[in-house]
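# what's the 3D shape of this:
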Amino acid sequence: MLSFSRALVCVLFSADELHQKLTGGRTPLWQDVMLDTFGGSLGMFFSFFFYRMRRRQ
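Residues are numbered from 1 along each chain as shown. The predicted structure is shown next:
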């Protein structure tokens, strides 16, 4: 499930970069996709971590 979520985040941010390519005055960068995917993965990790901590209590 986590890999599917990470892949979905990557696809969504790739679509955002495609939108930037089609919009004038903005430049799409693959580094932005990687950075956004890393941030989304980090958010998923912390959400899962805090969820597990709350369940233990």
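# When you work out contacts or count neighbours from here on, use the C-alpha atoms and nothing else.
Fine.
# Contact partners for residue 28?
17-18, 20-21 (CA atoms under 8 Å, 6 or more residues apart in numbering).
# Any chance of those residues in CSV with neighbour count, secondary structure and pLDDT as columns?
CSV is the format used below for those (neighbours: other CA atoms under 10 Å; DSSP: H, G, I helix; E, B strand; the rest coil; pLDDT from 0 to 100):
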residue, neighbour count, secondary structure, pLDDT
17, 19, helix, 88
18, 14, helix, 89
20, 15, helix, 88
21, 14, helix, 87
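# Need the residues you listed in CSV (columns: distance to residue 34).
CSV is the format used below for those (distance: CA to CA, whole Å):
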residue, distance to residue 34
17, 11
18, 14
20, 15
21, 16
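# Name the nearest of those residues relative to residue 45.
residue 17 (23.7 Å; CA to CA).
# Show me which parts of whichever helix in the chain runs longest are buried, residue by residue.
The residue-count maximum for a helix in the chain (DSSP state H) belongs to helix 30-56. Within helix 30-56, the residues scored as buried using 16 or more other CA atoms under 10 Å are 33, 36-37, 40-41.
# now for those, which pair is the farthest apart?
Largest pairwise distance in those, by CA to CA, is 12.0 Å, between 33 and 41.
# Could you list every helix and strand that the helix or strand that residue 7 is a member of packs against?
Per DSSP states H and E, residue 7 falls inside helix 2-22. Packing partners of helix 2-22 (3 or more CA pairs under 8 Å, 6 or more residues apart in numbering; DSSP states H and E): helix 30-56.
# For the helix it packs on, what is the distance to the chain centroid?
Put simply, helix 30-56 sits 8 Å off its chain's centre (CA atoms, centre = their mean, to the nearest Å).
# again with stretch 50-57
Centroid separation for stretch 50-57 versus its chain: 23 Å, with CA atoms, centre = their mean.
# Stretch 18-28 too?
19 Å.
# Going forward, the N-terminal residue is numbered 29.
Got it, first residue is 29 now, which makes that one stretch 46-56.
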